[in-house]
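Asker: coordinates only, sequence not included:
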């Protein structure tokens, strides 16, 4: 079975540009999570969805960040405008409802904002 | 408050040595889950184990074993006969009953296994 798929794997952009990160969860998983990993703050939950509906976005750092899940197999995390402090690895994770709370992570997108 | 502490920032061992990674957690919940994830140099996060608060049995999977002790709020991870491929950053995480979806991750322990 395919795991969580993220694209791109690496993104380098200039300050002020719009960045869009993409995620395809594992088929059948009802929950989708976006995390950010930095040296200073470690792994932080930004937002999560259940059945395509955002449930908790309290971790989204500021209005420059937005996330959408238009259908069960696709989500985006957008940063507009990007800033150098947004440089991090962004992970997407998913999990099924019910039997387990285990979250399965994608390979991550390494974002560098110059 | 929910918190996970991994006091060991970095550990270096020589291949075939046993190594234990410590994880101490804080929670007021009676029901909670603990997890270990591995992040190899390639960067992905790989799920290793999940444990719920009602199950204090230790678990062994090949060279990996986990020791869960509620009395000391610890969930330690031991690798027996370490191998170079075990080199990675290992994260302990806690999910509490206020919101099982909100994981609290420790800061990670970087394990270097030298040949």
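Answerer: Perfect, thanks for sending it. The model shown is predicted, which means the values in this text are computed figures rather than measured ones. Residues are numbered from 1 along each chain as shown, chains lettered A, B, ... in the order given.
Asker: all strands of chain A, in order?
Answerer: Using DSSP state E, the strands of chain A run over A:5-7, A:10-13, A:19-24, A:31-38, A:42-50, A:53-56, A:65-71, A:74-79, A:88-95, A:104-105, A:109-113.
Asker: I'd like the mean pLDDT over the shortest one, please.
Answerer: In other words, strand A:104-105. Strand A:104-105 comes out with an average pLDDT of 93.
Asker: with the fourth one instead?
Answerer: Averaged across strand A:31-38, the pLDDT comes to 96.
Asker: confirm for me that residue A:27 is in contact with residue A:94.
Answerer: No - contact criterion C-beta atoms under 8 Å: residue A:27 and residue A:94 do not qualify, at 9.3 Å. Any C-beta I mention is one placed from the backbone N, CA and C, and that applies to glycine too.
Asker: of those two, which one has the most company?
Answerer: Neighbour count, other C-beta atoms under 10 Å in any protein chain shown: between residue A:27 and residue A:94, residue A:94 has more, with 24 against 11.
Asker: nearest spatial neighbour of the more buried one, chain-adjacent residues omitted?
Answerer: Closest residue in space to residue A:94, ignoring its immediate chain neighbours: residue A:25 at 3.4 Å, by C-beta to C-beta, 6 or more residues apart in numbering or on different chains.
Asker: would you confirm that that neighbour contacts residue A:52?
Answerer: No - the pair residue A:25 / residue A:52 is not scored as a contact, 10.4 Å apart, by C-beta under 8 Å.
Asker: so what secondary structure elements neighbour the worst-scoring helix or strand of chain B on mean pLDDT?
Answerer: Within chain B, no helix or strand scores below strand B:99-105, which has a mean of 84 by mean pLDDT, DSSP states H and E. Packed against strand B:99-105 by the contact rule (3 or more C-beta pairs under 8 Å, 6 or more residues apart in numbering or on different chains; DSSP states H and E) you find strand A:42-50, strand A:53-56, strand B:3-5, strand B:88-96.
Asker: show me what from chain A comes close to chain B.
Answerer: Within chain A, the positions near chain B by C-beta under 8 Å from any C-beta of the partner chain are A:31, A:33, A:42-43, A:45, A:48, A:55-56, A:89, A:91, A:93, A:100-108, A:110.
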